[in-house]
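>>> Predicted model, plus sequence, below.
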Amino acid sequence: MSVNQGKISYSAAVLMSINIMVGAGILYAVGPMTGSAGNVSFLGWPLIALLLCPIVWSLIQAAKLFPGEGGFYHYCTSGINPIAGCVAHWGYLLGYLGTAASVSTVLRDGMATNLGLKLIQEHPIVFNLILASFYTLINTISVSKISKVQSIATLLKLTPILMVIAVMFFYFKSDMSIDMGGIGGLGATVSTVIFAYWGVEACCNIGGLLKDGPQKVGSVILVGFIVTVT
């Protein structure tokens with residue numbers, strides 16, 4: 001049996017990382033950001049990316065200093081002590097559950113509004129149970145198979161974004177101007193953008209499943225973050 005069986009490639013890990021960030025950004029962030037800052041809301045992405053650079057750099061260094069499985073628990077246990085590792089792990093878990101709950105709520109409301117599925121809006125508990133059951137079943141599948149699905153999903157998500165960027169070149173005019181009236185609301189986009197970027201650390205938890213080994217976690221984090229910001 002190959003030692004790499006059931007593991008994921010470097011490129012698949014990068015695409016999984018991008019998928020998590022792009023998914024949250026498209027599904028949740030765009031609407032609130034536009035409502036807060038109008039036409040200049042897009043500036044929130046590069047500005048918050050700069051603020052997050054020290055955190056991303058710290059994650060990369062932690063992955064290099066403490067290679068191995070366990071993510072934040074392993075980093076904090078190795079670098080500080082087991083109590084710090086326990087606190088970090090539970091904090092991350094609770095934060096992740098909160099993120100999943102928020103995205104699920106947005107998904108439910110979006111389906112009810114855009115698809116006219118009033119039933120799920122009237123019975124949110126039923127929808128949440130079905131969605132949680134689906135997530136549970138997905139987690140019983142091997143990570144190598146999930147990575148393939150995630151890779152395809154990432155490429156599908158990026159395709160319309162790249163198409164819009166390409167089309168912009170045909171409509172760009174030198175006399176085009178941006179209404180700066182929403183610049184005052186740019187600060188209100190901070191929490192939303194951070195929420196969208198919070199997925200950059202996903203590879204920390206699957207470092208032991210990389211074909212190239214845990215030492216590649218830092219590189220996956222960096223590449224995934226740069227591609228998403230770009």
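Yes, it's here. Worth saying up front: this structure is predicted, and the values here are computed from it rather than measured. Numbers count the residues shown, from 1 in each chain.
>>> from here on, contacts and neighbour counts on C-alpha atoms
Noted.
>>> packing partners for the helix ranked longest in the chain?
With residue count as the measure and DSSP state H as the assignment, the chain has helix 82-114 as its longest helix. If contacts are counted by 3 or more CA pairs under 8 Å, 6 or more residues apart in numbering; DSSP states H and E, helix 82-114 sits against helix 71-79, helix 118-122, helix 124-138.
>>> Flag every buried residue along the second one.
Just to be clear, that refers to helix 118-122. By neighbour count on 16 or more other CA atoms under 10 Å, the buried set for helix 118-122 is 120-121.
>>> Against which helices or strands is it packed?
The contact analysis (3+ CA pairs under 8 Å, 6+ apart) places helix 118-122 against helix 82-114.
>>> Next, the angle helix 71-79 makes with the helix it packs on.
What separates the directions of helix 82-114 and helix 71-79 is an angle of 160 degrees, with axes from the mean of the first three to the mean of the last three CA atoms, to 10 degrees.
>>> which outside residues touch the helix or strand bottoming out on mean pLDDT in the chain?
Lowest mean confidence among the helices and strands of the chain (mean pLDDT, DSSP states H and E): helix 30-37, at a mean of 73. Residues from elsewhere that reach helix 30-37 (CA atoms under 8 Å, 6 or more residues apart in numbering): 40-42, 182-186, 188-189, 192.
>>> can we see that at 7 Å?
Here helix 30-37 makes contact (CA atoms under 7 Å, 6 or more residues apart in numbering) with 41, 182-183, 185-186, 188-189.
>>> Point out where this protein drops to low pLDDT.
By pLDDT under 70, the weakly predicted segments of the chain are 1-6, 24-28, 173-182.
>>> And the residue nearest the centre of it?
Met21 (2.4 Å; CA atoms, centre = their mean).
>>> From Thr192, how far out is it?
12 Å (CA to CA, to the nearest Å).
>>> go on, Gly23?
13 Å.
>>> What number of residues are in the vicinity of Gly38?
Number of residues near Gly38 (other CA atoms under 10 Å) recorded here: 20.
>>> Next: Thr99.
For Thr99, using other CA under 10 Å, the count is 17.
>>> How about the secondary structure of the closest residue to it other than its chain neighbours?
The spatially closest residue to Thr99, leaving aside those adjacent along the chain, is Phe195, at 7.9 Å (CA to CA, 6 or more residues apart in numbering). Three-state call for Phe195 (DSSP: H, G, I helix; E, B strand; the rest coil): helix.
>>> Give me the neighbour count for Phe195.
Phe195: 17 surrounding residues under other CA under 10 Å.
>>> Repeat that for Ile146.
Neighbour tally, Ile146, other CA under 10 Å: 16.
>>> try the one 3 residues further on
As a burial measure, the neighbour count of Val149 was computed by other CA under 10 Å and equals 13.
>>> That one looks like it's in a helix, true?
Yes. Judged by three-state DSSP, Val149 forms part of a helix.
>>> Could you check how far it is from Gly68?
Distance from Val149 to Gly68, counting by CA to CA: 25 Å.
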